[in-house]
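1. predicted model and sequence follow; I will ask about them next.
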Amino acid sequence: DLFRPLDADKVQIGEGSQDRMVGDDTRLPAVVAEEVLGRSFLARAMGSIDAPEEAELLEASLMVLVNKVLAAGRTKPGQAEVVRRGALYATATLSLGLETVSRSDLGRAREALRSISLQRMFRVGYTVTTKLARLAQALAPRSLTAASPAKELVAGLCSPRPLFSRAADEPPVIGLRPYESVADLRRAGEILAGLTLRIALVEGLGVDVVAMGQAPEPRPNLDDHIRTALVRAVVGGDLRGEALSQAELTKLRDHGIVDGLLTPAARKAGHAAIRARLGAAQLTASGAVLDKLVDAWLNDLEGILGGVKDTQIDPRYVEGLLVEVRRS
């Protein structure tokens, strides 16, 4: 029942489902209190409740919720680290559900804590992560050659209980953590939207991304294919993903780059080529999201070729592009 889906529109502030029982000891154990303090929205909402009896009831209800999460994970008493992780998951998911129900408004969150059971808000938090997880599961077979953080984000969402890859944190670090805020959902949604566009563009270049994911390393990632096609497009060619010839590399370097930077005309051509390809495939994307992606690919081209001064560009030292290698 704790992990049964519950949509936010089925939960109303003032509905009267709040927890009403209080245990013998209402004090939060240190491990749980630490995790509450780590969830800024939940901590601020709980801290805004001044009445001692309300605060005690809320802490008791939170302990019940944490114990249910631990029981669902078949946690054995005495496993301190497992208890800490269970408390982390329970409080993070509750904080996400509370923020979702209250629409990130602290006053509404205070009233939600007074009138909605914590278990119901936990279920809301869990449900919004499962919606992202379904999209990630659909993308997973075609995301094996995605770059970081998309690849790690998809893997985390495909966990038995969806988790946030810390590769998507800013700054990125190694590991996983629970989703705990609406900002996490936005960040994950933006990355998945970008991954969806990448897959569509690469498949539009004729690449079987599922088969490519089964190829042995080293293998090109999704962005390698797109950058390769853009090398041609920014100097007036077609958006094609075949390996680049020496002549195509030097053409971009000599005619599309000045002082290490792509010319305004080259950047404009790159954006136009990507938009035209998506339009031909009847795909739409947020202008801000798409512009950010294309600018990143174009910036990569500057980094790859902008500083090369040699008459002939040695393909062995060109990373991030598919380049023909002549064999003697």
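-> Looks like it came in fine. Numbers count the residues shown, from 1 in each chain.
2. what about Asp310, how many neighbours?
-> Neighbour count of Asp310, defined by other Cβ atoms under 10 Å: 9. For every residue, glycine as well, the C-beta is placed using N, CA and C.
3. measure it to Ala72 for me?
-> Asp310 is 61 Å from Ala72, where distance means Cβ to Cβ, to the nearest Å.
4. in the one helix or strand Ala90 maps to, what's buried?
-> Using DSSP states H and E, the element containing Ala90 is helix 80-102. Residues 83, 85-102 are the ones in helix 80-102 that count as buried (16 or more other Cβ atoms under 10 Å).
5. check stretch 314-322 too.
-> Neighbour-count burial for stretch 314-322, counted by 16+ other Cβ under 10 Å, picks out 315, 318, 320-322.
6. can you pick out the most distant pair from those?
-> Longest distance between any two of the buried residues of stretch 314-322 is 11.9 Å, between Pro315 and Gly320; criterion Cβ to Cβ.
7. before we move on, the earlier item: Throw the buried residues of stretch 314-322 into TSV and include distance to Lys292, secondary structure and pLDDT, thanks.
-> As requested, those are exported to TSV (distance: Cβ to Cβ, whole Å; DSSP: H, G, I helix; E, B strand; the rest coil; pLDDT from 0 to 100):
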residue	distance to Lys292	secondary structure	pLDDT
Pro315	29	helix	80
Val318	24	coil	87
Gly320	18	coil	94
Leu321	21	coil	95
Leu322	23	coil	95
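8. nearest to Pro160, of these?
-> Using Cβ to Cβ, the buried residues of stretch 314-322 come closest to Pro160 at Gly320, 34.8 Å.
9. correct me, but the closest one touches Asp300?
-> Yes: if you go by Cβ atoms under 8 Å, Gly320 and Asp300 touch, sitting 5.9 Å apart.
10. shared neighbours, those two?
-> Residues touching both Gly320 and Asp300 by Cβ atoms under 8 Å, 6 or more residues apart in numbering: 223, 227.
11. next up, the contacts around the residue nearest to Val202 when sequence neighbours are not counted.
-> Of all residues not flanking Val202 in the chain, His225 sits nearest, at 4.7 Å (Cβ to Cβ, 6 or more residues apart in numbering). By Cβ under 8 Å, 6+ apart, His225 lies in contact with 201-202, 205, 207, 241, 322.
12. from Ala155, how far out is His225?
-> His225 is 21 Å from Ala155, where distance means Cβ to Cβ.
13. check Ala71 too.
-> For Ala71, the distance to Ala155 equals 27 Å [Cβ to Cβ].
14. also Val11?
-> Going from Val11 to Ala155 by Cβ to Cβ gives 30 Å.
15. then Tyr126?
-> Computed with Cβ to Cβ, the distance linking Tyr126 and Ala155 is 19 Å.
16. quick one: which of those two has more around it?
-> Per other Cβ under 10 Å, whichever of Tyr126 and Ala155 has more neighbours is Tyr126, with 23 against 17.
17. since we're on Arg177, how many residues are nearby?
-> Arg177 sits with 17 neighbouring residues when counted by other Cβ under 10 Å.
18. any weak-confidence spans in the stretch 51-200 of the chain?
-> By pLDDT under 70, the low-scoring segments of the stretch 51-200 of the chain are 75-78.
19. I meant the stretch 201-328 of the chain, not that one.
-> For the stretch 201-328 of the chain, the stretches flagged by pLDDT under 70 are 326-328.
20. now the strands for it?
-> Taking DSSP state E, counting those that start in this stretch, the strands of the stretch 201-328 of the chain run over residues 257-258, 261-262.
21. looking at those strands, which is buried most?
-> Compared across the strands of the stretch 201-328 of the chain, strand 261-262 shows the largest average neighbour count, a mean of 18 (mean count of other Cβ atoms under 10 Å).
22. in its sheet, what does that strand sit against?
-> Strand 261-262 pairs in its sheet with strand 257-258 (antiparallel), by DSSP bridges.
23. quick one: the helices in the stretch 101-250 of the chain, in order.
-> Under the criterion DSSP state H, counting those that start in this stretch, the stretch 101-250 of the chain contains helices at 106-115, 118-139, 150-157, 182-204, 209-214, 222-233, 246-255.
24. include distance to Arg114 when you put the contacts of His225 into CSV, please.
-> Compiled in CSV, the contacts of His225 are given as follows (distance: Cβ to Cβ, whole Å):
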residue, distance to Arg114
Leu201, 49
Val202, 50
Leu205, 55
Val207, 54
Gly241, 57
Leu322, 59
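25. distance of Ile191 from Leu163?
-> Look at Ile191 and Leu163: by Cβ to Cβ, they are 14 Å apart.
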